[in-house]
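Visitor: Structure of the sequence below:
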Amino acid sequence: MTLELCPTPGDGTAAIRVGFTASRKIGNAVARNRARRRLKEAARQVLPLFGLPGNDYVLVARRETLTRSFGDLLGDLESSLLAAHERLGRFRTESIRR
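Guide: This is a model prediction of the structure:
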């Protein structure tokens, strides 16, 4: 998966917004929907712990999203979030389980 992140534009509300996308490169409509469902469930489990309020996240499905084990998908999202926040100088130390 690919993770895109930017600060929420506008009034600065402290909400985490998330979007999902899967292109035709993933496969037919059934495969794209399955990839999006997997990303949605991963985001539902990981973003409350590692997401930062006031940010928009977009998860882009890749072909491997369909075949990767769900545990690995969760780990990928977690490490992507931590790396993105580190690059931008944003941290949420109270939620990091390390």
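Visitor: looking at it, R17 is touching D56, isn't it?
Guide: Yes. Under the criterion of Cβ atoms under 8 Å, R17 makes contact with D56 at 4.7 Å. Glycine gets a C-beta too; all of them are placed from N, C-alpha and C.
Visitor: Quick check: neighbours shared by these two?
Guide: Residues touching both R17 and D56 by Cβ atoms under 8 Å, 6 or more residues apart in numbering: T8.
Visitor: what does the strand or helix carrying H85 rub up against?
Guide: Assigned by DSSP states H and E, H85 belongs to helix 70-88. Contacts of helix 70-88 with the rest of the structure, by Cβ under 8 Å, 6+ apart, involve 1, 3, 5, 38-39, 41-43, 45-47, 49-52, 57, 59, 65, 68, 91-92, 96.
Visitor: Now with 7 Å, please.
Guide: Applying Cβ atoms under 7 Å, 6 or more residues apart in numbering, the contact partners of helix 70-88 are 1, 3, 5, 38, 42-43, 45-46, 50-52, 91.
Visitor: Next step: the residues you listed restricted to helices.
Guide: Mapping those onto helices (DSSP state H) picks out 38, 42-43, 45-46, 50.
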